[in-house]
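In: my questions concern the predicted model and sequence given below.
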Amino acid sequence: LLVIFSMDYTLRQKEANRVANDLALQASMQIAQKLKNVYADINFLRHQPLAIQRLKKIDSQLGLLEATYLSIMQSHHNYSQLRILDLTGQEIVRVDRDKSGVHIVKQEELQHKANRYYFQDALNLNFDDLYQSQFDLNIEHNAIVVPWEPTIRFVAPVVDPEQSGVVLGFAIINFNGQSMLSEIEKLELSVGSNLSLINQDGYFIYHKNSAYRWGFMLKHEDVKLDTLNPTLWQMIHGNEHNFSIASRRYATKKICGHHSECARDEYNISLPVQTKDLPWTIIAESEAVSFTNLEWLVSPLSYLLGLLILLIVIYVYRTLSYISEQESYLIEKQKMLENSNQRFIALLESLPDGFILLNPQARIETINQAALDIFGLKKEALLGEAIEILMPDTLKEIHYKKTSSFFQNPRKVDVTRKHPLHYQHT
């Protein structure tokens, strides 16, 4: 039972670790892939000729520019806004997505975004940089939009192609982060483990308990990981990737900004941008393997199986012991037989008279030296030969018939002067 338990416990631990690691990896890869697609789109928008003309205040076809953005929005369901801002922060083109669908915002309804942090950060970009805002809730007219709209804003400078390095304005994509969080939730439900996503400060971007989310936006400063679970927070900051705390098992994966410290760890995922809320950390949480969740340990069937295995082990042990004893006995008997045979041969060789031992086929099986001296032959010439080889030709046929009947009906044969034994001497 101890062996079974040890093997089962080890295998369960390995499987729990694998599942947790795979879950964290899968969630982080989904996030990275979605963001990668946005980077490609923002680079496309920054080079749009119609947007460049609009920013340069060259007479352009505004309707065609708006139609282009409308078409992009209709084919990218993860985008909630596409915009062009000039250097003052004023929106000059904007396409929105809401519950009713995708629509172009009228010119008189365009807003001034100069006071928003992402625009202020964009002003410090180099002309070939990309900017990604922190992951937060969308704000319109200085208020958080309800229901919440988790949003990441991607900004790229729009550069004058005729004047190298001269920035005319900014192309902006508002990415609907809820689509990304919904994918995490689906993944969480599919495997029955808990997934969380936190930002650099430990605030929850995603948690199964919605009351924990967006604490930094809702002024819930105590609802973050270092307050709710200080030990887990310390393990994450200690760059631990797979570990247990009490009865819980954790696997973590970080999504890091470009050139950041955590991006040097090959275990983590690196993005081509840097933003102040990175790294994000994916946390996969499940129940650790313990005695309480080893169901087989409290099942009567497991003990019956253990008893059966024990009986089999005892039976096999006793059988092997018996075989070993018999083998030792046979080896000893073989040695005794060999010793007896050697003593028998020594006895024969010590006899002054000749001695020949025949097998049931009347062939010579053993002959001592005295007999060899009598006949003047070598042992190699006689062993295995019929006894008649030692007799005159006139007696061979008669003796052959007598030896055949002798082995069928053994009897004493007297060799006397009246009944001599004839043999052939060389």
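Out: Arrived safely. On a predicted model such as this, the values are computed, not experimentally measured, just so you know.

In: so where do the strands sit in the stretch 51-200 of the chain?
Out: Using DSSP state E, counting those that start in this stretch, the strands of the stretch 51-200 of the chain run over residues 79-86, 91-98, 101-104, 131-132, 136-137, 139-140, 143-144, 150-159, 167-176, 194-198.

In: export those strands to TSV and tack on distance to K402, mean pLDDT and mean neighbour count?
Out: Where you see a C-beta, it was placed from the backbone N, CA and C, and this is true even at glycine. As requested, these are exported to TSV (distance: least, Cβ to Cβ, whole Å; pLDDT from 0 to 100; neighbours: other Cβ atoms under 10 Å):
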stretch	distance to K402	mean pLDDT	mean neighbour count
strand 79-86	119	95	24
strand 91-98	122	93	19
strand 101-104	124	94	15
strand 131-132	117	92	24
strand 136-137	121	94	20
strand 139-140	129	86	12
strand 143-144	127	92	11
strand 150-159	117	95	23
strand 167-176	117	95	23
strand 194-198	102	94	22
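
In: list the contacts for L55?
Out: L55 makes contact with I84, D86, I92, V158, L168, G169, according to Cβ atoms under 8 Å, 6 or more residues apart in numbering.

In: name the element the most centrally placed residue in the chain belongs to?
Out: Residue closest to the average C-alpha location in the chain (Cα atoms, centre = their mean): R18, at 6.0 Å. Using DSSP states H and E, R18 sits within helix 2-46.

In: how far does that helix sit from the chain's center?
Out: 12 Å (Cα atoms, centre = their mean, to the nearest Å).

In: okay if I get the strands of the stretch 51-200 of the chain as a markdown table plus distance to A263?
Out: Output for those, formatted as a markdown table (distance: least, Cβ to Cβ, whole Å):
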| stretch | distance to A263 |
| --- | --- |
| strand 79-86 | 27 |
| strand 91-98 | 32 |
| strand 101-104 | 36 |
| strand 131-132 | 14 |
| strand 136-137 | 22 |
| strand 139-140 | 30 |
| strand 143-144 | 31 |
| strand 150-159 | 18 |
| strand 167-176 | 21 |
| strand 194-198 | 17 |
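
In: for I58, find the nearest of the ones you listed.
Out: Nearest to I58 among those is strand 167-176 (10.7 Å), distances taken as Cβ to Cβ.

In: other SSEs contacting the closest one?
Out: Judged by 3 or more Cβ pairs under 8 Å, 6 or more residues apart in numbering; DSSP states H and E, strand 167-176 is in contact with helix 2-46, helix 49-55, strand 79-86, helix 117-122, strand 150-159.

In: again, only using 10 Å
Out: Secondary-structure packing of strand 167-176 (3 or more Cβ pairs under 10 Å, 6 or more residues apart in numbering; DSSP states H and E): helix 2-46, helix 49-55, helix 62-75, strand 79-86, strand 91-98, helix 117-122, strand 131-132, strand 150-159.

In: show me where the stretch 251-400 of the chain dips below the pLDDT cut-off.
Out: Applying pLDDT under 70 to the stretch 251-400 of the chain picks out residues 288-303.

In: scratch that, the stretch 1-150 of the chain is what I was asking about
Out: By pLDDT under 70, the low-scoring segments of the stretch 1-150 of the chain are 1-11, 59-60.

In: among the helices and strands packed on strand 167-176, which is nearest D265?
Out: Taking those one by one with Cβ to Cβ, helix 2-46 is closest: 12.8 Å.

In: and I389, what does it touch?
Out: The neighbours of I389, taking Cβ atoms under 10 Å, 6 or more residues apart in numbering as the test, are R363, I364, F375, L377, A381, L382, K396, Q424.

In: number of residues surrounding Y267?
Out: Per other Cβ atoms under 10 Å, the neighbour tally for Y267 reads 13.

In: please report how far the nearest residue to it once chain neighbours are set aside lies from S182.
Out: Setting aside the residues directly before and after it, Y267 is nearest to H241 in space (Cβ to Cβ, 6 or more residues apart in numbering), at 5.8 Å. For H241, the distance to S182 equals 26 Å [Cβ to Cβ, to the nearest Å].

In: who's more crowded, the two?
Out: With neighbours defined as other Cβ under 10 Å, H241 and S182 compare such that H241 has more, 17 against 13.

In: for the more buried one, which residues are in contact?
Out: Contacts of H241 by Cβ under 10 Å, 6+ apart are A20, N21, A24, M235, Y250, A251, T252, K253, K254, D265, Y267, N268.

In: repeat for R83
Out: R83 sits next to 45, 69, 91-96, 105, 110-111, 113, 153, 155, 169-174 when contact means Cβ under 10 Å, 6+ apart.

In: what's the angle between the helix holding R18 and strand 167-176?
Out: Between the axes of helix 2-46 and strand 167-176, defined by axes from the mean of the first three to the mean of the last three Cα atoms, to 10 degrees, the angle is 140 degrees.

In: begin at 50, not 1, for the rest of this chat.
Out: That works, and once the first residue is 50, the last one we named lands at helix 51-95.

In: helix 51-95 vs helix 111-124, what angle?
Out: Helix 51-95 runs at 170 degrees relative to helix 111-124, counting by the same axes, to 10 degrees.

In: longest helix in the chain, please.
Out: Using DSSP state H, we find that the single longest helix of the chain is helix 349-399.

In: that one packs against which elements?
Out: Other elements packing on helix 349-399 under the criterion 3+ Cβ pairs under 10 Å, 6+ apart are helix 51-95, strand 405-407, strand 413-416, helix 418-424.

In: closest one to G355 among those?
Out: The nearest among the helices and strands packed on helix 349-399, by Cβ to Cβ, is helix 51-95 at 6.8 Å.

In: that older thread, for the residue nearest to Y316, grab phi and psi.
Out: With angles defined as degrees, to the nearest 10, H290 sits at phi -110, psi -30.

In: hmm, back to that, of all the strands of the stretch 100-249 of the chain, which one is nearest Q323?
Out: In terms of Cβ to Cβ, the element of those nearest to Q323 is strand 180-181, at 8.0 Å.
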